[in-house]
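Enquirer: Provide a 3D model corresponding to the input given below.
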Amino acid sequence: MQAVRRVVCAMSGGVDSSVAALLLRRRGYDVTGVFMNNWDVVDEHGVCSAEKDCEDAYKVCQMLDIPFHQVSYVKEYWHDVFSYFLNEYEKGRTPNPDILCNKHIKFNYLISHAIDNLGADAIATGHYARTSQEDEEISQYALRKTMFPLGGLTKDFVKKIAAEAGFHHVLKRKESMGICFIGERNFERFILEYLEPQPGNFVSIEDGKIMGTHKGWFLFTLGQRARIGGQRDAWFVVDKDVAAGTVYVAPSTNHPALLRDLLRTDRVHWLSEDPPAELIRDKMMECHFRFQHQMALMPCVLTLNQDGSVWVSLVKPIRALTPGQFAVFYKGEECLGSGKIMRLGPSLHTLQQGQQRMKSAASVSTEAVEEMDPVS
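Expert: Residues are numbered from 1 along each chain as shown. All right, here's what the predicted structure looks like:
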């Protein structure tokens, strides 16, 4: 692979991308900062947050004495990311728009723009990931054209670098926890601007009692607290029936109805092997799993299906496994690939109910036998 000299760094105005650009500059690369505008909207207070983000990114580029560009992918974001986002919610799943945004916007449109229009050899982002520009075994074009300067660093160390460089304006920013490029906002109010209300009932998973009403199943995700009018105690979402419009709730945050140890993905996207040789050979493979970036890795066993999907059996039940999120698989520190969670196995609550019914049936059967007259 040819030597990388000119790098376009995706700049969000945040600390991670700012330090990524700084590290590239220090390493002698010819760096250009690019800010992507993917959403045209003001926040609830009438302020366009993208303008402030853009200003912060521009200020960093000025401090680093590197060129700064803006690009707009508003239409592309709506078509490739946000429409999918709404469709997933309507199906009762909880989507992860960040992954689709990375796939379609950063690692497709931005790479093409950087190479074709800005003469770049590669792009860089502030992701905490590691790969190698010299690794010829990585076949994906996007990975071969992407650098991750923060790979191997901790968030605290990155903040220290930013402070030493004088990036105080980005350090003051609140860490973004909202929807990719849309930001943090009142979720119910926001979604109901795009989806029609679909009233339904909150129903107790324990006894089937109606606990209250809601405006739409798509407003809730598994594991979250359901604020039910007239209920003083905390109730938590454990399941959804889209056809009936029912949101099932339980009276505790770690209720057995929230615990599951089996899931099925859609077709898995594997990184270096498609799929791993061990999985092809044995149809099963031990590895580790997570579906949230801060969760500890969990040992699991994968079973390969003919359509390229996998069943994932976990060593112990996990709280609030969520359809629509992405299961990510690891061997050691290497990320093997990922697939969207499509189906869940039975909850611990369901299994316990089944065991209880079996015990009850066995007890009734035994009592019936004991009541029968002995054969004379």
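Enquirer: dump the residue contacts of Ile228.
Expert: Counting by CB atoms under 8 Å, 6 or more residues apart in numbering, Ile228 makes contact with Phe202, Met211, Gly212, Trp235, Val249. Bear in mind the C-beta positions are built from the backbone N, C-alpha and C, glycine included.
Enquirer: are we agreed that it is in a helix?
Expert: No - counting by DSSP: H, G, I helix; E, B strand; the rest coil, Ile228 falls outside a helix, being coil.
Enquirer: ramachandran angles for it?
Expert: phi -100, psi 120 (degrees, to the nearest 10).
Enquirer: report the beta-bridge partners for the closest residue to it other than its chain neighbours.
Expert: Nearest in space to Ile228, with sequence neighbours left out and distances taken as CB to CB, 6 or more residues apart in numbering, is Gly212 at 3.8 Å. Gly212 forms beta bridges with Phe202, as assigned by DSSP bridges.
Enquirer: pretty sure Gly212 contacts Gln231?
Expert: Yes - checked against CB atoms under 8 Å, the pair Gly212 and Gln231 is within contact range at 6.3 Å.
Enquirer: compute the number of surrounding residues for the nearest residue to Leu192 once chain neighbours are set aside.
Expert: Leaving aside its sequence neighbours, Leu192 sits nearest to Lys215 (CB to CB, 6+ apart; 6.9 Å). Lys215 has 16 neighbours, counted by other CB atoms under 10 Å.
Enquirer: Glu164 too?
Expert: Neighbour number of Glu164 under other CB under 10 Å is 9.
Enquirer: so how far is Gly332 from it?
Expert: Remark: distance between Glu164 and Gly332 (CB to CB, to the nearest Å) = 32 Å.
Enquirer: before we move on, what about Ile66?
Expert: Look at Ile66 and Gly332: by CB to CB, they are 36 Å apart.
Enquirer: neighbour count: the two, which is higher?
Expert: When neighbours are counted by other CB under 10 Å, Ile66 and Gly332 differ, and Ile66 comes out ahead with 20 against 9.
Enquirer: pretty sure that one contacts Val31?
Expert: Yes - assessed by CB under 8 Å, Ile66 is found in contact with Val31 at 4.8 Å.
Enquirer: need the overlap of contacts for those two.
Expert: Ala21, Arg25.
Enquirer: who's in contact with Arg173?
Expert: Neighbouring residues of Arg173 by CB under 8 Å, 6+ apart: Gly13, Gly14, Val15, Asp56.
Enquirer: what residues does the third one make contact with?
Expert: Applying CB under 8 Å, 6+ apart to Val15 gives the contacts Gly126, Val158, Lys159, Ala162, Phe167, Val170, Leu171, Arg173.
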